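>>> build the 3D model from these lines:
(chains A and B)
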Amino acid sequence: MSALLEVKDLRLQFGGVKAVDGLSFEVREGEILAVIGPNGAGKTSAFNCISAFYLPTSGSVVFDGKHIVREAPRIWHRLRLVQLLQSFGFYRVLPSRVTKWGMARTFQNLRLFRELSVLDNVKTAMHANLREGFWSTLLHTPGYRRAEEACAREARGWLDFVGFEGDEHLYVTHLPYGEQRRVEIARALATSPKLLLLDEPAAGLNYNEKQSLIELIRRIRALGVAVVLIEHDMGLVMQLAERIVVLNYGKEIADGTPQQITNDPVVIEAYLGVDDEDEAVDDTRLRTGASDAEPNDESESRS
Amino acid sequence: MARRLDLALKHAPLRAPAPLFERPRAARGVLDSQTGFMRALGVVAVLFLAVLPFIDASRYTMSIAISALIYVMLCMGLNVVVGYAGLLDLGYIAFFAVGAYVSGIFTTVLGWPMWAALPATVFACILAGIIIGAPTLRLRSDYLAIVTLGFGEIIRITANNLTITGGPSGIHGIPSWDFFGWSFEDGVTVLGLEFPERVVFYYFVAAVVVVVGVIGAGRLARGKLGRAWKAVRDDEDAAEAMGINTYAAKISAYIIGAVWAGLAGQLMATHLSAISPNSFQFLYSALILMAVVLGGMGSTPGVIIGALFVSLAPELLRDFAEWRFLIFGVLLVVVMLFRPAGLWPATAILPWLKRDRPQPPPFTSATAAVPPSVLESPSGAPDADVREGGRG
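Down below sits the predicted model:
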């Protein structure tokens, strides 16, 4: 199977802190990949780089054959205008463009549109796929009506798919937390993705809700959508994931099937720590990059 | 049917499965549906506008009515920027000035007829929206407000100092509308009623423009573009993650706000036939913003009520001329205390329909200051039977 998403040597620095430090992994078409790691391991930062919200310091991300990180010519680096140009959308790919290419994401803390109804939340995600222009909206042409009807039908289809059974006209703030999670997944699916990034989808859910989430993610995979999830709940990850990538200090420390991961001493050490320093299995794999950050490292990599 | 609907969407690799449940159709009728009631209210308002000159066609009434209509147009435009897209614009009057000055210069200096100056006005406003919006819309909330405030003043001071704009004394003798030799100045008799004043004709022109403007802004807000604006207002990052180019959405809101204000500016220039930089002070930006906030941000009926209040209150408070702004201020504080989301909030549900639907969510920016117990109404949470009923 070909790789849908290829991350190579991704680095992201905030001042002297290396949030992501040489991360490389790939996601194949239609698989469920879990990204795990202790708190602060750089999972969400890596997600934000992949979905183009953060501009990585270096490295490459290729999604579906398209480069998400774009290099600016050296002249702009030398004139120190890169950040300004990037803030105006040059030499970078906007997150909205990545979404149009077929990568959808959810957020760690729910970020639904608070003053829109459930149905409108899902409709909003179909923005890029709607044939509605300025004049057809103003004049309410038949084409506009058809587009709105198709949009509502599609949005209801996704709400049914995720098992939302409430009133679609409710404001999202009135829904219980678990239902809001479902709506957020429906909203991400409505962008018609090839790859779905779920950032801690099970946070704050009870046992029953987690079980139905597992079932939902399996149904999403059955549609042919690859799923990458960040999760702390090991039970859920072990049940769901076909492959697991473990991060620590912004680096990949292990990559394999759930069985391989549970038996990997490096992973066990990263999660549980070791009593004695002599017992440390491979200390360099864990700690390099966290300690040798040099103050002028950032300017070097930019110029 | 399904195929026809599929053609309405662009090609997308993934399509939703067909809906599993047949949901009840939205209620139709004047009193049992929100949209039906709003539509009826709109028809009543348009009828009232059409009938008003037959009731009282005095120069005074018509003049007040036209300025009220201009305020409604301005507020609808600002509502797109502030209410839908959530961009706080403190220099909105700048676009009003651009519209008024461009139509004034084209008709007096270049001698164009008013209808020919209309496209020029719209084009100038689009340009002004892009020039002011493009560099500033990268900023968020407070910074944007300060920068727009600055731009508003820059436009006024520029108009004050250029010779083509007539300097501090402004432009005089702006002609009224005329069609192929027949001008509004001439007067005519319709259905036994005499309309000698140009102001009455002008009233109808203003009414048509404003009705089109109000309906147009409402329609845009309910379509794809409007959903994008509201998404940007509620959560910019999430909107970006949903495939909305937030920058394009914001600048389109800005341009549409500018065009609405420019049309209002042209209406005012022809109505008063003279404009001067004094008509475009910061005070008016604040008044229009006040009308939008007072009425209810993002709500068409609310904004119209706010605009009517701001434009008609000075006439009603004519006897207390010096106290006017004090009374305005006190009223604003009182309204904001009792109705923090405005007189007619965008999330309002008609009282007799509330039984069926839960309360709208508490106003977000006000929730932080008020303890939750005050905002939680007893019927706030959705009842179990209501939610099951929604499925039908």
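
>>> do a quick rundown of the strands in the stretch 51-200 of chain A.
Taking DSSP state E, counting those that start in this stretch to define them, one finds strands in the stretch 51-200 of chain A at A:58-63, A:66-67, A:103-105, A:195-199.

>>> to chain B, which of those lies closest?
strand A:103-105 (5.5 Å; C-beta to the nearest C-beta). The way it works is simple: take the backbone N, C-alpha and C, and place the C-beta from them, glycine included.

>>> can you list the strands that that closest one pairs with?
strand A:195-199 (parallel) (DSSP bridges).

>>> now the partner strand and strand A:58-63, what's the angle there?
120 degrees (axes from the mean of the first three to the mean of the last three C-alpha atoms, to 10 degrees).

>>> contacts for strand A:195-199, please.
The contact list for strand A:195-199, computed with C-beta atoms under 8 Å, 6 or more residues apart in numbering or on different chains, reads A:4-5, A:27, A:44, A:47, A:50-51, A:63-64, A:102-108, A:185, A:188-189, A:217, A:220, A:225-231.

>>> ok, then the element right after that strand?
Next helix or strand after strand A:195-199 toward the C-terminus (DSSP states H and E): helix A:207-222.

>>> residues in contact with that following helix?
By C-beta under 8 Å, 6+ apart, the residues outside helix A:207-222 that reach it are A:30-32, A:161-163, A:178, A:181-182, A:185, A:189, A:196, A:198, A:201-202, A:205, A:227, A:229, A:233, A:236, A:239-240.

>>> can you pull the buried residues of it?
Buried residues in helix A:207-222, counted by 16 or more other C-beta atoms under 10 Å in any protein chain shown: A:209-210, A:213-214, A:216-217, A:220-221.

>>> need the next SSE after that helix, C-terminal direction.
Next helix or strand after helix A:207-222 toward the C-terminus (DSSP H and E): strand A:226-230.

>>> helices or strands up against that next one?
Packing partners of strand A:226-230 (3 or more C-beta pairs under 8 Å, 6 or more residues apart in numbering or on different chains; DSSP states H and E): strand A:3-14, strand A:17-28, strand A:32-36, helix A:43-50, strand A:195-199, helix A:207-222.

>>> export the ones you listed to a markdown table and tack on mean pLDDT?
Formatted as a markdown table, the helices and strands packed on strand A:226-230 follow (pLDDT from 0 to 100):
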| stretch | mean pLDDT |
| --- | --- |
| strand A:3-14 | 90 |
| strand A:17-28 | 89 |
| strand A:32-36 | 93 |
| helix A:43-50 | 91 |
| strand A:195-199 | 94 |
| helix A:207-222 | 92 |
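
>>> find the nearest non-adjacent residue to A:Gln239, please.
A:Ile214 (5.8 Å; C-beta to C-beta, 6 or more residues apart in numbering or on different chains).

>>> now do the phi/psi pair for B:Gly166.
Dihedral pair for B:Gly166: phi 80, psi 10, per degrees, to the nearest 10.

>>> which residues sit in contact with residue 241?
Answering for chain A, as no chain was given. By C-beta under 8 Å, 6+ apart, the contact list for A:Ala241 reads A:32-34, A:229, A:258.

>>> not quite, I wanted chain B
A:51, A:53, A:95-96, A:99, A:104-105, A:107.

>>> you'd agree A:Leu23 is up against A:Asn248?
No - between A:Leu23 and A:Asn248 there is no contact under C-beta atoms under 8 Å: 10.9 Å.

>>> okay, the two: which has more neighbours?
A:Leu23 (27 against 23; other C-beta atoms under 10 Å in any protein chain shown).

>>> and the gap between the closest residue to that one other than its chain neighbours and A:Gly59?
Spatial nearest neighbour of A:Leu23, excluding adjacent residues (C-beta to C-beta, 6+ apart): A:Leu10 at 4.4 Å. Relative to A:Gly59, A:Leu10 is positioned 4 Å away (C-beta to C-beta, to the nearest Å).

>>> pull up the overlap in contacts between the two.
Jointly contacting A:Leu10 and A:Gly59 under the rule C-beta under 8 Å, 6+ apart are A:22-23, A:49.

>>> between those, which is nearest B:Tyr143?
Nearest to B:Tyr143 among these, counting by C-beta to C-beta, is A:Cys49 at 26.1 Å.

>>> B:Trp344: helix or strand, and which one exactly?
Applying DSSP H and E, one finds B:Trp344 in no helix or strand.

>>> pLDDT wise, what is it at?
You'll see B:Trp344 listed with a pLDDT of 90.
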